[in-house]
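In: I would like the atomic coordinates for the input below:
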Amino acid sequence: MAKIATSTNDEVIIKQILNKGLLSTDEKRDPKWISLRLALALSLRHKSMPEETFDHFTASDPRKGEYALQQVSGEGADHDYTDAYRAILSVYHDTDLFADHDGFVRYLQRHIRRGLAEIERSWRDSHDFHEYLFQELFSRTSSNTPSVIDLTSALLAALHENGIDADIRTIHDGPRLQSYETVLTDATQLRTLQRARENIEFALARDAITLQSGIEPRRVDIQVPKPRTNWRTVTWSEVSPHLPTTDVAQLGVALGVDPLGIPVSFDLASAPHLLVGGTTGSGKSVCLHALISSLLLGHGPQSMRLCLIDPKQLEFAAYAALPDLWSDEPLVDASTALDALLTLVSEMEQREAALARLGYKQLTEWRRQQRDAPPYLVIVVEELADLLMQRPEVEVPLVRLAQKGRASGIHLILATQRPDSATFSGLLRSNIPSRIALTVQKAAESRIILDETGAEHLLGQGDMLLKLVGQDVRRVHGAAITSVDIDAAIRTARNRN
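Out: Below you'll find the predicted structure:
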């Protein structure tokens, strides 16, 4: 009888789900198949097929567990979902799995193992598992808001009650926000509207309404958050095709879409460095993966190298052994990271000397004129606060690189979930003009990241404010890049070489 097989690592994840996620103390009461079914549900969210690698096991991660269909799908039991599973997988894989029992078991195993791998990568046992499941399985479903007319009427009534005479010209239905292009009869009413924002929020029973001045006189966009059940997930597949090409941007990256659903991308080389801040669960790590995946898709190791620093040892393990890495693997030890940064400062100085000798002002000119030019270097620090806590002296090379790295093609992405003045010091902030602020708890934290308030009103889950040097702040809904998307970017990078 065919069985669903799992590896040693799979079994570790299953026990972690039971013990730290579901807080189970009795395996008979909360059997392992609960974890398998949750993993199956998570895998079925993806449009791409699970890879054949989930059919096999390795010496480093050998075959460990076996589960009969009676355990996984309830075959032969009072609640038998086997035929339902067959039907779902038959549609998913466009093949008749009622006539192919071995194929059914094979596909079922692939989905379960892919789902377990995604849980391992995207869930931290310090976070609430039930909230994680809700966000992954339910909040990403999309539906049309049935009460747009009622909400518009309520908004007009709320404006009138607060003494604001306005006309709603256009309604834009975005992924998370309903944007009302509103024209005020009198430009002086803008201040009245700003003062009345909390009253309007109360009247509409919606938090975090934002106001954005338009280009035309007397025009303001009133952005009203949708209920979370009506949010549309911004997928990586709809954003990644809009990555800037190398003839348009030196280091093109994609983030997500604006409130109207228009893809947002920019050139990291023009930034030229980024501060990324947001509280736990705001989507900071997903944002970093989107930036890294963008760079992997757009460049090979001859044109770009990544130095990944991950003192928490959680996020960057998947990128180990990539030829695109400046080091053999992501740096997780603070002392090793310090040595690497000091080495990169020396590399910067060598490049500066070479540029002066050749008569070029920046690496772009060198790369355009000669094939022997070194690649761009992008340094990504996943948790700056933790790195500084372990080795405070890393700030010195980071400041040096921020001050002078642009000309020699060295760029920084510094991220933290603790945006305070101790982490983002005045020296760092003054030399890193471009910022990404995800949801924060207090207006003071927003000022640390952006030099202005606003991030405290964001909606979470990748909702962010992007402030690029020389540009106004833009609202962006970050793409929900998954482990499958990350693996695809890594696979593209490996195959390119």
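In: Please list all residues in contact with residue 158.
Out: Contacts here follow Cβ atoms under 8 Å, 6 or more residues apart in numbering; on that basis residue 158 touches 199-200, 203-204. Quick note: C-beta positions are derived from backbone N, CA and C, even for glycine.
In: let's go with 7 Å and repeat that
Out: Residues in contact with residue 158 (Cβ atoms under 7 Å, 6 or more residues apart in numbering) are 200, 203-204.
In: From residue 122, how far off is the residue nearest in space to the middle of the chain?
Out: Central residue of the chain (Cα atoms, centre = their mean): residue 286, 2.1 Å from the mean position. Residue 286 is 8 Å from residue 122, where distance means Cβ to Cβ, to the nearest Å.
In: Check residue 162 too.
Out: 43 Å.
In: try residue 329
Out: Distance of residue 329 to residue 122, computed by Cβ to Cβ: 21 Å.
In: more neighbours, the two?
Out: When residue 329 and residue 122 are compared for neighbours, residue 122 comes out ahead with 18 against 14, by other Cβ atoms under 10 Å.
In: The spatially closest residue to residue 101 that is not a sequence neighbour: which element?
Out: Using Cβ to Cβ, 6 or more residues apart in numbering and skipping the chain neighbours, the partner closest in space to residue 101 is residue 2 (6.8 Å). Using DSSP states H and E, residue 2 sits within no helix or strand.
In: tally of neighbours for residue 2?
Out: Neighbourhood size, residue 2 [other Cβ under 10 Å]: 14.
In: Against which helices or strands is the helix or strand bottoming out on mean pLDDT in the chain packed?
Out: Sorted by mean pLDDT, DSSP states H and E, the helices and strands of the chain end with helix 129-137, the least confident at a mean of 77. In terms of contact count using 3 or more Cβ pairs under 7 Å, 6 or more residues apart in numbering; DSSP states H and E, helix 129-137 is assigned the packing partners helix 33-44.
In: who does the next helix-or-strand element following the helix it packs on touch, helix- and strand-wise?
Out: As assigned by DSSP H and E, the chain's next helix or strand after helix 33-44 is strand 63-67. Counting contacts by 3+ Cβ pairs under 7 Å, 6+ apart, strand 63-67 packs against strand 4-7, helix 8-16.
In: any chance of these in JSON lines, with distance to residue 414 too?
Out: Formatted as JSON lines, the helices and strands packed on strand 63-67 follow (distance: least, Cβ to Cβ, whole Å):
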{"stretch": "strand 4-7", "distance to residue 414": "36"}
{"stretch": "helix 8-16", "distance to residue 414": "30"}
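In: most neighbours per residue, which of those?
Out: Mean neighbour counts were compared across the helices and strands packed on strand 63-67 using mean count of other Cβ atoms under 10 Å; the top stretch is strand 4-7, at a mean of 22.
In: tell me the contacts of the closest residue to residue 193 other than its chain neighbours?
Out: Excluding the flanking residues, the one nearest residue 193 by Cβ to Cβ, 6+ apart is residue 164, at 5.5 Å. Shown in contact with residue 164 (Cβ under 7 Å, 6+ apart): 189, 192-193, 196.
In: Quick one: residues in contact with stretch 58-75.
Out: Outside stretch 58-75, the residues that touch it by Cβ under 7 Å, 6+ apart are 1, 3-11, 33, 36, 57, 76-77, 80-82, 85, 108.
In: and the gap between the residue nearest to residue 193 and residue 156?
Out: The spacing between residue 164 and residue 156, counted by Cβ to Cβ, is 10 Å.
In: cool, and residue 150?
Out: In terms of Cβ to Cβ, residue 150 sits 11 Å off from residue 156.
In: Likewise for residue 435?
Out: 36 Å.
In: Next: residue 123.
Out: Taking Cβ to Cβ, one finds residue 123 at 43 Å from residue 156.
In: the more surrounded of these two?
Out: residue 123 (21 against 16).
In: who's in contact with that one?
Out: Each residue near residue 123 by Cβ under 7 Å, 6+ apart is listed here: 129, 132.
In: for it, phi and psi?
Out: Dihedral pair for residue 123: phi -110, psi 130, per degrees, to the nearest 10.
In: how close does it sit to residue 479?
Out: Relative to residue 479, and taking Cβ to Cβ, residue 123 is found at 19 Å.
In: Pretty sure residue 379 sits against residue 307.
Out: Yes: counting by Cβ atoms under 7 Å, residue 379 touches residue 307, with 4.5 Å between them.
In: who touches both of the two?
Out: Contacts common to residue 379 and residue 307, judged by Cβ under 7 Å, 6+ apart, are residue 344.
In: Those two - which one has more neighbours?
Out: Shown here are residue 379 and residue 307; by other Cβ under 10 Å, residue 379 has more neighbours (26 against 21).
In: quick one: contacts of the helix or strand in which the more buried one is found?
Out: Counting by DSSP H and E, the element that carries residue 379 is strand 376-381. With contacts defined as Cβ under 7 Å, 6+ apart, strand 376-381 is touched by 250-251, 268-269, 288, 292, 295, 303-309, 326, 344, 363, 387, 401, 409-415.
In: One more: stretch 443-455?
Out: 275, 277, 419-421, 424, 435, 437-440, 456, 465, 467, 473.
In: Pick the one among the contacts of residue 158 closest to residue 53.
Out: Relative to residue 53, the closest of the contacts of residue 158 is residue 204; by Cβ to Cβ it sits at 49.2 Å.
In: contacting residues for the closest one?
Out: Contact partners of residue 204, counting by Cβ under 7 Å, 6+ apart, are 151, 154-155, 158, 224.
In: Can you report phi and psi for residue 254?
Out: Phi and psi for residue 254, reported as degrees, to the nearest 10, are phi -120, psi 140.
In: Residue 331 too?
Out: The phi/psi pair for residue 331 (degrees, to the nearest 10) reads phi -90, psi 120.
In: ok, now the one 3 residues further on?
Out: Geometry field for residue 334 lists phi and psi as phi -60, psi -40, criterion degrees, to the nearest 10.
In: try the one 10 residues further on
Out: Taking degrees, to the nearest 10, you get phi -70, psi -30 for the backbone angles of residue 344.
In: Measure how buried it is and give me the count.
Out: Neighbour count for residue 344, taken as other Cβ under 10 Å: 22.
In: Repeat that for residue 70.
Out: Applying other Cβ under 10 Å, we find 14 residues neighbouring residue 70.
In: before we move on, what about residue 87?
Out: Neighbours around residue 87, by other Cβ under 10 Å: 12.
In: just checking, residue 300 is part of a strand?
Out: No: counting by DSSP: H, G, I helix; E, B strand; the rest coil, residue 300 is located in no strand; its state is coil.
In: wait, it sits on residue 495?
Out: No: under the criterion of Cβ under 7 Å, residue 300 makes no contact with residue 495, lying 10.4 Å away.
In: quick one: which of the two has more around it?
Out: residue 300 (15 against 7).
In: In space, what's closest to the more buried one - neighbours in sequence excluded?
Out: Nearest residue to residue 300 in three dimensions, chain neighbours excluded: residue 496, at 5.1 Å (Cβ to Cβ, 6+ apart).
In: Please read off the pLDDT at residue 96 from the model.
Out: Per-residue pLDDT puts residue 96 at 92.
In: ugh, typo on my part, it should be residue 27
Out: Residue 27 carries a pLDDT score of 51 in this model.
In: oh, and call the first residue 30 from now on, that's how I've got it
Out: That works, and once the first residue is 30, the last one we named lands at residue 56.
In: ok so, going back, surely the residue nearest to residue 222 forms part of a helix?
Out: No: going by three-state DSSP, the assignment for residue 193 is coil, not a helix.
In: low-confidence ranges in the stretch 380-526 of the chain?
Out: Within the stretch 380-526 of the chain, the stretches with pLDDT under 70 are 526.
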